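Trainee: Provide a 3D model corresponding to the input given below.
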Amino acid sequence: MDSNNEYEIVLIENEIDARLCAELLAEEFALHNPLSIANQSTAQRIFNTWLSPLIKDALDEKLSFLVRCRLTNEIVAAIIGMDLFGYCEKHPYDASSPASSNPTADLYDELRDRFVHHDLEQKLKPNMVLYIAVGATQAQHSNKGIAARLRAYLCNYARDTKGFQYAFVQTGSPATRHIYVNKMNGKELTIVDPATWIWKRKGDGLSCPLKHYKGDPAVNILVELQKQ
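Mentor: Prediction:
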C-alpha cells in the first residue's frame, strides 16, 4: 500500500473491488476515451465485452491497483496489469480469425502482436514484460497527479516483487502518452492513425471503420523498469 494524506493506493485482491474498478474504468472510457466515443460504445458494453472479463483474468496475478479517497472511501482510479507472456498465451493473435464486433479491439490486438514480434526485438518470456492493459482516473479527481503516481507505483511494484524488466502500454490518450513518455522515459514504437487503419480481419482490404476518427494516434510504448 502507498498513501498520502488524501489518497491511498491499494492492491485489488477481491471480486467486489474488481467489479467496482471495472465499472469505474468503463464509465471513464465511455465518457472520455476518443476511440470509445467514436465507436459509440456505452459503459455497459465496455464493461461486459472488455473490462469485466479482463479484470477477472488479471485478478489472480495481483498486479492491479486502485486508488481510494481517504475522506469518502470512494474508489477514484484503477489500473489493470498482467504478465504479457501469460496474456498472449491465453489470447493468441490470429490474423485470419473473424473480425470482432469492435474494430478498436482488433486494432489494439494487431498492435500488440506487432509489439511482441517486431517492436520488442527479443523473445518474450514469463515475468519479463508487464502489460498495463488499462487505467483511468475519475475526471473530478484528475490534475492531482494520481494517474502518474499510480502508474509509477505499479511499475515499481512489478519490478521489485516479480522481476519485470519492462512495461508495455497501448494508448490513444495524449495525457497517458505524456505520463509514460515524458515522466517515465518510455519509448514510442509503432504509431498508427486509427482513421487510416485498414481492418484486415474484414478480409476485403478496403474497410477503414474509424475513418471519421479525429483524435490522437494509437501508440505502442515500452518503458524500461530501471532498478532503483
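Trainee: ok, which stretches of this protein are helices?
Mentor: 15-32, 34-38, 43-46, 52-59, 84-90, 103-114, 146-162, 174-178 (DSSP state H).
Trainee: and of these, who's closest to Ala78?
Mentor: helix 15-32 (3.7 Å; CB to CB). Heads up, the C-betas are built off the backbone N, CA and C, glycines and all.
Trainee: would you mark the buried spots in that closest one?
Mentor: Across helix 15-32, burial judged by 16 or more other CB atoms under 10 Å covers 17-18, 20-30, 32.
Trainee: for Glu74, which of the helices of the chain is the nearest?
Mentor: helix 15-32 (9.4 Å).
Trainee: circling back to that earlier point, can you add mean pLDDT and distance to Lys211 and give the helices of the chain back as CSV?
Mentor: What follows is these, written out as CSV (pLDDT from 0 to 100; distance: least, CB to CB, whole Å):
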stretch, mean pLDDT, distance to Lys211
helix 15-32, 97, 21
helix 34-38, 90, 10
helix 43-46, 96, 21
helix 52-59, 97, 27
helix 84-90, 97, 29
helix 103-114, 95, 11
helix 146-162, 97, 30
helix 174-178, 95, 21
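Trainee: wait, Val129 sits on Val169?
Mentor: No - under the criterion of CB atoms under 8 Å, Val129 is not in contact with Val169, lying 10.5 Å apart.
Trainee: what is the neighbour count of Ile198?
Mentor: 14 (other CB atoms under 10 Å).
Trainee: sorry, slip of the keys, the one I care about is Tyr213.
Mentor: 23.
Trainee: one more: Pro174?
Mentor: Pro174: 12 neighbours (other CB under 10 Å).
Trainee: show the contacting residues for it.
Mentor: Going by CB atoms under 8 Å, 6 or more residues apart in numbering, Pro174 touches Asp216.
Trainee: look up how far Gly215 lies from the residue of the chain most remote from its centre.
Mentor: The outermost residue of the chain, judged against the average C-alpha position, is Asp204 (29.3 Å), by CA atoms, centre = their mean. Counting by CB to CB, to the nearest Å, the gap from Asp204 to Gly215 is 25 Å.
Trainee: same thing with Glu15?
Mentor: 33 Å.
Trainee: look at the closest residue to Leu31 other than its chain neighbours and report its pLDDT.
Mentor: Leaving aside its chain neighbours, Leu31 sits nearest to Ala139 (7.3 Å; criterion: CB to CB, 6 or more residues apart in numbering). Model confidence at Ala139, given as pLDDT, is 92.
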